[in-house]
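Asker: Below are the sequence and a predicted model; questions follow.
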Number of protein chains: 2
Amino acid sequence: MERPLILITNDDGVSAPGIRALIAVMSEIGEVIVVAPDKPQSAMGHAITINNTLHLNKISKETDSITEYSCSGTPVDCVKIAVHEILKRKPDLCVSGINHGSNSSINVIYSGTMSAAVEAGIEGIQAIGFSLLDYDWDADFEQIKSYIKNITLEVLNKKLPEGVILNVNFPKLKEKEIKGIKICRQANAIWMEKFDKRKTPQGKDYYWLTGEFVNQDKGEDTDEWALANGFVSIVPVQFDLTAHHAIQNLTNRDWK
Amino acid sequence: MERPLILITNDDGVSAPGIRALIAVMSEIGEVIVVAPDKPQSAMGHAITINNTLHLNKISKETDSITEYSCSGTPVDCVKIAVHEILKRKPDLCVSGINHGSNSSINVIYSGTMSAAVEAGIEGIQAIGFSLLDYDWDADFEQIKSYIKNITLEVLNKKLPEGVILNVNFPKLKEKEIKGIKICRQANAIWMEKFDKRKTPQGKDYYWLTGEFVNQDKGEDTDEWALANGFVSIVPVQFDLTAHHAIQNLTNRDWK
């Protein structure tokens, strides 16, 4: 097989240790190109830049083995500009991450890491988002590299079902403590928001968003269960947001 | 019945004509509170503000019949801060819009208008996003007000299925030309991106994201079909992104 062309992005920014670890793994598998945000873009969801300009900087040198760009936009912008402006052909795979922190359960909808992978999926590219349950900048990504390599090879070899992207989360464990991989559904958990209200030096109120993660979904088929029990969780994610199961119920109503 | 408490937001900003029209309709139905972005936040998707401060300004006077706040954050931030910081009780309904422009098919995933409604859904609040297929600031929202009122009353009276949010799009037609309402699935359409490459006055490249909307989904059960044929489209939307249909396929694979 020809070496696959792999697009790498993230939401923590191009200089984050997580993306550096992902680049190291992907370089063993294929030809790699990096297009990632020039600054942290966590929690940017599926935001795109339509009312502002986008700036690209080639940050690798001609002598480097891997071509890297930083982009002023969101993670989704990075995928769009990589596919339509930088890459000479559609990549065989897009990987996003490794995120510093969890993107399990409801976090997937806020996550820039996962939105980048989902955008690739929308464009018909096999895509995986990787996240480690450790927000630390110095998180130990070595422990999960062999898992990332195996999952990636499986996806390249067998392909994902159409319209499906993988959301892969890793527990914060040593490699030998990890019990294996579970295919899961997203747990029905939420953030209970709290706003930390403060005063500016001028005496005006302002707020910081904080919150507590609450999982009342005890299902053993969920990503939260898998992660809490030492497994790697893989949730297949889709970009068709239609609640197909609700169409019949709503069609039977008298709307006018 | 007690007058319902209705939270109104949007992504075009608190001063947009679309939200003004929505406020007018909702004031006939219930007690209204407005918390909307202080500037345009189109295409912000499900972005939230976690690495920056949030600022709220009460923009209505004490003598005004409706309480209004502008917020420095994204549409999703507006819903979070309204529910957890401003409102004394959980609202009976959250409506978002009326968006200046379509949020049909794949647009739903990029849309700040719809993400605000989806966030309300995540928080267990009945929610509807309204959009008119007219990007003009002077779009004629009068033509769709009776539809918006009827759809809202139906939702308040009968409730939506759990975890379902409505994505309502209106064709750019006169009221009497509108043929009725269709419950639809989201069409499988995409944006074919093009980047408009320009030079700064200093001679450095930069880009504007542009694109062409391409719908190859001819299904007559889609929102695009309904809108092209003179109907109001209502797509039930969900925030569980799990591709449940793919779990079996992926579980049967050899992941390690």
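Answerer: Received the coordinates, thanks.

Asker: and the lengthiest helix in chain A, which residues are buried?
Answerer: With secondary structure taken from DSSP state H, chain A has its longest helix at helix A:145-158. Going by neighbour count (16 or more other C-beta atoms under 10 Å in any protein chain shown), the buried part of helix A:145-158 is A:145, A:147-148, A:151-152, A:154-156. Every C-beta, even on glycine, is put in place using the N, C-alpha and C of the backbone.

Asker: what is the mean pLDDT for it?
Answerer: For helix A:145-158, the mean per-residue pLDDT is 97.

Asker: got it, and stretch A:98-117?
Answerer: pLDDT averaged over stretch A:98-117 gives 97.

Asker: Now do it: distance from first to last residue.
Answerer: One end of stretch A:98-117 sits 12 Å from the other (C-alpha to C-alpha, to the nearest Å).

Asker: returning to that earlier point: from the buried residues of helix A:145-158, which is closest to A:Ile247?
Answerer: A:Ile247 lies nearest to A:Val155 out of the buried residues of helix A:145-158, by C-beta to C-beta, at 31.1 Å.

Asker: Apart from its neighbours in sequence, what residue is nearest A:His245?
Answerer: Once flanking residues are discounted, A:His245 sits nearest to B:Pro161: 7.7 Å by C-beta to C-beta, 6 or more residues apart in numbering or on different chains.

Asker: What number of residues are in the vicinity of the one you found?
Answerer: As a burial measure, B:Pro161 scores 14 neighbours (other C-beta atoms under 10 Å in any protein chain shown).

Asker: Am I right that it is in contact with B:Ile183?
Answerer: No - the pair B:Pro161 / B:Ile183 is not scored as a contact, 11.9 Å apart, by C-beta atoms under 8 Å.

Asker: just to revisit the earlier point, switch the buried residues of helix A:145-158 over to a markdown table; also include distance to A:Val237.
Answerer: As requested, the buried residues of helix A:145-158 are exported to a markdown table (distance: C-beta to C-beta, whole Å):
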| residue | distance to A:Val237 |
| --- | --- |
| A:Lys145 | 23 |
| A:Tyr147 | 18 |
| A:Ile148 | 17 |
| A:Ile151 | 14 |
| A:Thr152 | 16 |
| A:Glu154 | 17 |
| A:Val155 | 13 |
| A:Leu156 | 18 |
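
Asker: who touches both of B:Pro161 and B:Ile183?
Answerer: Both B:Pro161 and B:Ile183 are contacted by A:250, B:236, under the criterion C-beta atoms under 8 Å, 6 or more residues apart in numbering or on different chains.

Asker: now check the helix or strand where A:Val79 lies, is it near chain B?
Answerer: Per DSSP states H and E: A:Val79 is located in helix A:75-81. Yes - Helix A:75-81 reaches chain B (C-beta under 8 Å from any C-beta of the partner chain) through A:76-77, A:80-81.

Asker: got any ranges where the stretch 1-150 of chain A has weak pLDDT?
Answerer: The model of the stretch 1-150 of chain A has pLDDT under 70 over residues A:1.

Asker: Flag every residue of it that's near chain B.
Answerer: Near chain B, when you scan the stretch 1-150 of chain A using C-beta under 8 Å from any C-beta, you find A:40, A:42-51, A:53-56, A:74, A:76-77, A:80-81, A:83-85, A:106, A:108-110, A:115, A:118, A:122-123, A:147, A:150.

Asker: now the end-to-end length of stretch A:179-186.
Answerer: Per C-alpha to C-alpha, the first residue of stretch A:179-186 is 19 Å away from its last.

Asker: That stretch: which residues count as buried?
Answerer: The neighbour-count check on stretch A:179-186 (16+ other C-beta under 10 Å) flags A:181-186 as buried.

Asker: Now these in a markdown table, please, with extra columns for pLDDT and distance to chain B.
Answerer: Converted to a markdown table, these look like this (pLDDT from 0 to 100; distance: C-beta to the nearest C-beta, whole Å):
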| residue | pLDDT | distance to chain B |
| --- | --- | --- |
| A:Ile181 | 97 | 4 |
| A:Lys182 | 97 | 9 |
| A:Ile183 | 98 | 5 |
| A:Cys184 | 98 | 8 |
| A:Arg185 | 98 | 4 |
| A:Gln186 | 98 | 5 |
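
Asker: And the longest helix of chain A, what does it pack against?
Answerer: When contacts are defined as 3 or more C-beta pairs under 8 Å, 6 or more residues apart in numbering or on different chains; DSSP states H and E, helix A:145-158 packs onto helix A:17-27, strand A:93-100, strand A:127-132, strand A:164-170.

Asker: one more time with 10 Å, if that's ok
Answerer: Applying 3 or more C-beta pairs under 10 Å, 6 or more residues apart in numbering or on different chains; DSSP states H and E, one finds that helix A:145-158 makes contact with helix A:17-27, strand A:93-100, strand A:127-132, strand A:164-170, strand A:180-183, strand A:231-238, helix B:247-251.

Asker: May I see the ones you listed arranged in CSV, with distance to A:Lys256 as well?
Answerer: Shown next, in CSV, are these (distance: least, C-beta to C-beta, whole Å):
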stretch, distance to A:Lys256
helix A:17-27, 51
strand A:93-100, 44
strand A:127-132, 41
strand A:164-170, 37
strand A:180-183, 43
strand A:231-238, 31
helix B:247-251, 38
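
Asker: List the buried residues for the helix holding A:Val79?
Answerer: For helix A:75-81, burial by neighbour count (16+ other C-beta under 10 Å) applies to A:75-81.

Asker: And stretch A:192-206, by the same measure?
Answerer: Of the residues in stretch A:192-206, those buried by neighbour count under the rule 16+ other C-beta under 10 Å are A:193, A:195.

Asker: and the end-to-end length of that stretch?
Answerer: Stretch A:192-206 end-to-end distance (C-alpha to C-alpha) = 19 Å.

Asker: Any part of it near chain B?
Answerer: Yes - applying C-beta under 10 Å from any C-beta of the partner chain, one finds that stretch A:192-206 is in contact with chain B at A:192-198, A:200, A:204-206.

Asker: between those, which is nearest B:Ile247?
Answerer: A:Met192 (28.0 Å).
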